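1. how does the following fold in three dimensions:
(3 chains)
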Amino acid sequence: MSTNVKFRLASDRVNTQILTGDRIPRLYTPGEVVTAQQSFMRGHGTYVEDDDIKASVAGVMEQVNKLISIKPLKSRYVGEIGDVVVARITEVQQKRWKVDTNSRLDSVLLLSSVNLPGGELRRRSAEDEQMMRKYLQEGDLISAEVQNIYDDGSLSLYTRSLKYGKLSQGILVKVFPSLIKRRKTHFHNLPCGVSIILGNNGFIWISPTSTSESENDGGFTQNLSEVIPRADREVIARLRNCILALAQCKMMLYDTSILYAFEESIKYEVHELLNQEAIFDVAFLTQHRLRLQEI
Amino acid sequence: MLTERVFMRKTKRGNILKIVREHYLRDDIICGSAICKHCPVSMQNDDDIVLVANPSAESSLFKFPIYLVPDTNVILDQIDIFEEDAICNMIILSTVQEEVKHRSSAVYKKFRDIVGRSPRHCYVFVNEHHKDTYVERKPGETANDRNDRAIRTATKWYDEHLQQSQLNIPKAKRIRVVLLTNDAKNREIAQNEGILAISVDEYVKSLTEHPLLQDKLKHKTYEVESSKNALFPPHLSPAEIHEGIKSGALLQGSFMASRENYLEGSVNVEGIEKFVLIQGRESLNRAVDGDVVAIRLLPEDQWSAPSEIILQDEENDPGDVLEEETEILAVKAEVEKTPTGVIVGIIRRKWRQYCGILQINQVSGSTRHIFVPAERKIPKVRIETRQAEHLKMQRIVVAIDNWPRHSRYPNGHFVRALGPLGDKDTENEVLLLEHDVPHSKWSEEVLSCLPKLPWIITNEDYERRKDLRDIFICSVDPPGCTDIDDALHCRELPNGRLEVGVHIADVSHFIRPGTALDKEASLRATTVYLVDKRIDMVPELLSSNLCSLLGGVERFAFSCVWEMDHNANILETRYHKSVIKSKSAMTYEQAQLIIDDPTQNHEIAKSLRHLNRLAKILKKKRIENGALILASPEIRFQVDSETHDPIEVEAKKMRETNSMVEEFMLLANVSVAEHIEREFPECAMLRRHPNPPQTNFEPLIKAGENQGFEIKTDCGKNLALSLDAAIKEDNPYFNTMLRILATRCMMQAVYFISGTVQNEEYFHYGLAAPIYTHFTSPIRRYADIIVHRLLAASIGADSTYAELLDKHRNSELCNNLNYRNRMAQYAGRASVALNTHLFFRGKTQEEEGYVLFVRKNALQILVPKFGLEGTIYLNIPKDNSRHKPGAPVFVFNKDEHTQQCGNIIFHSFDPVVVRLSLDSTNVQREKLVFELVKPYIEGFSVEPMELSVDDNDDQKASDKVSESTPKRPIGNADENKPKKKKNKKTKK
Amino acid sequence: MANQDLLSDQGLRLDGRRAHELRRIRCKLGVFSQPDGSAYLEQGNTKVLAAVYGPHQAPGKKSNHSEVIVNCQYSMAVFSTGERKNRPRGDRKSQEMTIHLQQTLRAAIKTELYPRSQIDVFIEVLQADGGNYCASVNAATLALIDAGICLKEYVCACTASLANGNVPLMDVSHLEEVSGGATLSVASLPSSNKIAFMEMSQRFHLDHLPKVLDHALQGCQQIMSILDKAVREHLALVGSASDWGNIAK
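-> Alright, predicted model coming up:
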């Protein structure tokens, strides 16, 4: 098997950071005084020292009435209620699953927050508790929504909607959570025949668009025997590379940007999209198109 | 500020390592010229602008003013030229500076000093870090070529840089930059590049206003040494030497020429206990005293013994031929052969500048002359000078340049003149220079560190110090002593104990660490006592006034106070800074009189008697412990108060009081040593006296055997006992002479830092003390100042500072102190010798003496009255000019070490009478002549003076059978005289 | 002692810097995509990579209910030194360094914000040329900032030493470290003037401490402004690439 690996000197690398805009907001860095006025309240990313509100992260200030917070450009996923996330089961516990959502603490999926096979109104019995591992076991990927946030900051998820549930065949792409643009919907069936779930936590699920609407089983089936045609798989791979290309250029990820990138990437072979030049080209063109659209 | 950087790659042999270092290039380095208008102004600092705007145009070769840029070899070779003020306005490139530093640290030091002198207008330009002048080594270019190119680049840059500032000046008058190099190839390249370049010789010759500068040019021979006419075998190349030493075929060591025999020397090789003997001119192979050499050991059957001959190079430049060396070759005795070798190469020359006199070439008008160094270990030097007539009656300084194979003597060049021959100041100057004694005037900076007069003691001082003004403290010193650094007291306490106090001048109060004064003092390290002059370690204001514990005035002291019982056992020790008021500053004689006079019963008398009694107990204890009592003859000159010429010589008298003061000083030193070692186990400054190796004692044991005494040398105590036992009724001086010999077997006592040596090695052999230091003479010894500071820090009286606790720094300091001490001792002895000469000028005296050694061709005589040692030569060979026909033949008995002539046998220690006179026939080098008077040997001895008055005067002159400059014994037991001042001396 | 030569009469050091000048510092944030935060920093020829993972759930037993666990790993690439190293980490020196780093970083991280969590900081020295600790701290600071972890402020470290026995030198290189005397490494929180960590390479007289410390602190201050500039540039680039995405509305 031939491999196609390229090593480059740092000086030969393509600088992906020239996609700049001209509008730069006021930036704060840790330790910098945001305001000396005591009438403000400190929010996330700030702390009070010597009556000053200081930034504790590097980012941009956000002010909501009297509340001042600094938002970092990048951090672990900080969940909000209603966020769509793609997550991985890490542990099966009493009446709950521990789920990795790329946030600071492990999230929880309660047994009561899932739709069990047999309809929404099914009673949960002791058997169900014993059967938990049958439904979801360690390593399984799910899509879910943030239901609640506990005091310590950990998230509670639920999948009690047909949209959510166990994920079957597809590819998981991890990007920084801050690159996922918050939209009304995070589920997209792209025209190229692929579905993506843009988890707010930075996990992106790419799968072939299922032709058959799933049976009403609460999403606990995995059809691993179904063979996905090569063409579909190539599209999925291309999409993955496009998403990574955008992520590498620190561009926001949402349906339009991904679609544009996909379209701009057609002129490259899938594997060529791993080249720095191609990455840059695709990202640049996408950026260009997006900017045009804005105007 | 940082502009750019490039990488320097270096590979080291062995493991190939690629070392990458940063190299910052800057744009803020200014050119340092007063005319410059282009250098960044913000960086300029007036101190940095040293090149004057109107350098004089003295060179006849250039019609315009110039700045000079010397290259590395020019500086290395012609450093003496640069000593002259005529060479100024130089630009020193950092490339050159680094190379000089790398190649010769001695030259670098000198050069740095020259560059620092402000009237010289030398600017150091850091071309290596300047953005426009840095050059990168090209592939395949040698480091030397690169440096040459860097020098050229910088010169060119300078020239162009300065042109830009002189646009409004006519071209012919602009300042130009001239490269000074002796490398013809480099000059050529430079000229092709449009750089003015010139060789040093040309430049110096073109300085028409300074014709004498040419004398100082070093003659560097570039000619290949041909083996034709070669007097010496060639030296091995460095690579061969390196290989040889690595394989063990060659040995490395430092060469020491013999004082007595110019064709003999020895090499001290690490790992060989004995010195390796080198005999004969070819074996010596152009090594000069001090050089580090490579030698090859001869097979054992060719080993030889040090000849017992005393030989001096008397010839007046016989040309480049070697005379027969039968004299030494004949002495291949069977006994006592020592390892013998030949010098095959010189690893490092230790040439320095030598003082001496000029021996004028008989051919008039010749510029080539012979220089005779004052130090007998150094060979004569050929020099070239045009001022011979002027210099012939002067003491001059000369540097050796080279020593080609075909030349009997090394070639050198004149450096400077010191003054007229025979002049006291000149001679003292020579003495100080030869012994490397710093004796320049105190600089302004140093003097500014002195307290302002009138000096008053403030109330804070009283508060901080213990007030001992009411105590009856007195000092006892030799007459005429102005730097009194110790005082004593003793009183009875109510509890029946005795309180004994030793009060030492608090010099560290005045000399604060890090000041210019402190630095100067640490450089000088010790006060040097010459017969008629004292070279102070600290300025006189301190040494003779503020620090000196004069009688009747309040002075600061560092006190060491013991409580003792009446058997001199220490019960308690305290140290504190104090204020004292000495009640009386006495001489030893005065103190002795008070003790001996029972009618005197005042406080001081009582105190002195207590002290005297305790001192005797202490001394007894010390001797029981095995402390040695050694001796070396010591004399004192009575000096004419106006001419400073010696008018009378006397051996020093010893009184009980000398010993009394000494005992308490020893006690204080030991107490303090214990204390600071406890407080600062890693960095205390101590003094040790190593056990001498047994081989050192061989001459002593032999001498004892010849006289029927067994001298045990296995430990200090046995040595002391056997010395005590060796008494001859008929020869009262015998014991003293043995002790003189014993002194010469000793090692040198040295300062050291406690953390650098194993605890067992702290031992002081001479004093039989497990630990010792110097505390009691801070006015005249720098070590004491350090000890004071340590002690003060340990009792909280003063704060420490970084250097005080820096082990390595202090070790370096110790090295300097040891070196200076040794040199000061030698200088002192040389001064006595000088004055002895002066004393004997125009005088002839007969004195009693003793045979100290019997040599194969000479007797060494000691004259106790003058502490003089001299030689009477025997059996002078026929071809020697001093040979006297009909002289009796002496027979040397090797086993017994005797010389026999007829029925008279000379043994060691035999009493003789000798006549002393000064041989002034050679004005440049006076010699003290020893002639035998008694026992009378026909045809050899001179008649006693009374008889010879009208006898045959002419014979007396030709009768000079013996001559030698007097020599002072090389003793090291200076501990026995911790109060050695002006050649004062302890005796048994 | 070679000490004498560290500063020439012209006031230049062996590499051409003046006594109070830092080496060139170049740095870059966000060099990896896998860790939450990462940075690369060159301080002269000392080159360091730092990667930060977390904060994430601390493993069950270790989890601390009030504060975050800072877990460091200091490792030196085997090719980082003149002579090849045998093991990149786990030797006493590296372990000591790990503890020092942990201590330093804890001083800057707002640990109370992350109960039951852990932050992993991995440091890899690619080339060692003196001041490894300092470069590591500085790189780690950048990586922490890149990871969006709350800090009180930058924590910067700088070394200082003495030349010729009395002139303080800032930011000493390896050559100066070995040929000079004691080296003082200080990590400080420059704007609040707090010292997070301080270490001497050998004994050293107290008299020298104030001036050397002062130099080291000045160095920290300068380093902070260099890092701050780099952070701002990085933010501007990343921010505008995403058109300030979710942040600026």
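2. which stretches of the stretch 651-800 of chain B form helices?
-> Ranges of helices in the stretch 651-800 of chain B, per DSSP state H, counting those that start in this stretch, are B:656-679, B:698-706, B:716-725, B:734-745, B:782-794.
3. residue numbers of chain C in contact with chain B?
-> Within chain C, the positions near chain B by C-beta under 8 Å from any C-beta of the partner chain are C:1, C:8-10, C:12, C:14-18, C:21, C:23-24, C:44-45, C:82-83, C:129, C:165, C:173, C:175, C:204-205, C:207-208. (Glycine included, C-beta is placed from N, CA and C.)
4. hmm, 7 Å instead?
-> Contact residues, chain C versus chain B (C-beta under 7 Å from any C-beta of the partner chain): C:1, C:9-10, C:12, C:15-17, C:21, C:23-24, C:44-45, C:82-83, C:165, C:173, C:175, C:205, C:207-208.
5. quick one, which of the residues you listed are buried?
-> Using 16 or more other C-beta atoms under 10 Å in any protein chain shown as the burial test, the residues of chain C next to chain B include C:10, C:12, C:15-17, C:21, C:23-24, C:44-45, C:165, C:173, C:175, C:205, C:207-208 as buried.
6. give me the lowest-pLDDT entry from those.
-> By pLDDT, C:Gly165 ranks lowest within these, coming in at 69.
7. what residues does stretch B:703-719 touch?
-> B:626, B:628, B:694, B:697, B:700-701, B:722, B:726, B:738, B:741-742, B:765, B:768, B:896-897, B:907-909 (C-beta atoms under 7 Å, 6 or more residues apart in numbering or on different chains).
8. in PDB, list the C-alpha atoms belonging to it.
-> Taking Å, rounded to 0.1, in the frame of the first residue of the first chain, the C-alpha atoms of stretch B:703-719 are listed here in PDB:
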ATOM      1  CA  ALA B 703      75.100  16.800  57.500                       C
ATOM      2  CA  GLY B 704      74.100  15.300  60.900                       C
ATOM      3  CA  GLU B 705      75.600  12.000  60.100                       C
ATOM      4  CA  ASN B 706      78.900  13.600  59.200                       C
ATOM      5  CA  GLN B 707      79.000  15.100  62.600                       C
ATOM      6  CA  GLY B 708      77.800  12.000  64.300                       C
ATOM      7  CA  PHE B 709      74.300  12.900  65.100                       C
ATOM      8  CA  GLU B 710      71.200  11.200  64.000                       C
ATOM      9  CA  ILE B 711      68.500  13.500  62.900                       C
ATOM     10  CA  LYS B 712      65.100  12.000  63.000                       C
ATOM     11  CA  THR B 713      62.700  13.500  60.500                       C
ATOM     12  CA  ASP B 714      59.700  11.200  60.600                       C
ATOM     13  CA  CYS B 715      57.700  13.700  62.500                       C
ATOM     14  CA  GLY B 716      58.000  17.300  63.700                       C
ATOM     15  CA  LYS B 717      58.400  16.400  67.300                       C
ATOM     16  CA  ASN B 718      61.200  13.900  66.600                       C
ATOM     17  CA  LEU B 719      62.900  16.500  64.500                       C
END
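9. report the buried residues of it.
-> B:703-704, B:706-707, B:709, B:711-713, B:716-717, B:719.
10. next: stretch B:260-267.
-> B:260-267.
11. okay, who's weakest in the residues you listed by pLDDT?
-> Among the buried residues of stretch B:260-267, B:Glu260 has the weakest pLDDT, 70.
12. now B:Asn569: how far from B:Val500?
-> 12 Å (C-beta to C-beta, to the nearest Å).
13. compare these two (neighbour count), which wins?
-> Using other C-beta atoms under 10 Å in any protein chain shown as the criterion, B:Asn569 and B:Val500 rank with B:Val500 on top: 24 against 12.
14. what pairs with the strand or helix carrying the more buried one, parallel or antiparallel?
-> According to DSSP states H and E, B:Val500 maps onto strand B:498-505. Strand pairing for strand B:498-505, using DSSP bridges, gives strand B:486-492 (antiparallel), strand B:554-564 (antiparallel).
15. other residues contacting the longest one?
-> The set of residues that contact strand B:554-564 without belonging to it, under C-beta under 7 Å, 6+ apart, is B:457, B:465, B:468-469, B:493, B:497-506, B:509, B:549, B:570-581, B:614, B:668, B:671-672, B:788.
16. what about C:Ile123, is that helix, strand or coil?
-> Secondary structure, DSSP: H, G, I helix; E, B strand; the rest coil: C:Ile123 is strand.
17. give me the nearest residue to the one residue in the stretch 601-750 of chain B that gets nearest to chain C, chain neighbours excluded.
-> Nearest residue of the stretch 601-750 of chain B to chain C: B:Glu682, at 9.0 Å (C-beta to the nearest C-beta). Distances taken as C-beta to C-beta, 6 or more residues apart in numbering or on different chains place B:Gly755 nearest to B:Glu682, at 3.7 Å, with adjacent residues excluded.
18. can you give me the helices for the chain?
-> No chain specified, so I'll use chain A. A:126-135, A:230-248, A:255-264, A:276-294 (DSSP state H).
19. other chain: chain C
-> Using DSSP H, the helices found in chain C span residues C:92-108, C:132-146, C:174-179, C:209-241.
20. out of those, which comes closest to B:Phe82?
-> For B:Phe82, the closest of the helices of chain C is helix C:174-179, at 29.2 Å, according to C-beta to C-beta.
21. quick one: the residue nearest to C:Ala128 when sequence neighbours are not counted and chain B, what's the gap?
-> If you skip the residues right next to it in sequence, C:Ala128 has C:Ser80 as its closest partner in space, 4.5 Å away by C-beta to C-beta, 6+ apart. Distance, C:Ser80 to chain B, using C-beta to the nearest C-beta, to the nearest Å: 12 Å.
22. neighbours of C:Ser80, how many?
-> 20.
23. hmm, C:Gln127 and it touching each other?
-> Yes: here C:Ser80 reaches C:Gln127: they are 5.3 Å apart, a contact under C-beta atoms under 7 Å.
24. got the buried residues for stretch C:75-85?
-> C:75-77, C:80-81, C:85.
25. revised request: answer the last question for stretch B:452-461.
-> Under the neighbour-count criterion of 16+ other C-beta under 10 Å, stretch B:452-461 has nothing buried.
26. ok, the closest residue to chain A within the stretch 801-950 of chain B - contacts?
-> Here the residue of the stretch 801-950 of chain B nearest chain A is B:Ala802; by C-beta to the nearest C-beta that distance is 34.9 Å. B:Ala802 makes contacts with C:205, C:207-208, as judged by C-beta under 7 Å, 6+ apart.
27. I'd like those residues as CSV, with distance to B:Gln845 appended.
-> Formatted as CSV, those follow (distance: C-beta to C-beta, whole Å):
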residue, distance to B:Gln845
C:His205, 60
C:Asp207, 61
C:His208, 63
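28. since that was my last question, I'll sign off now.
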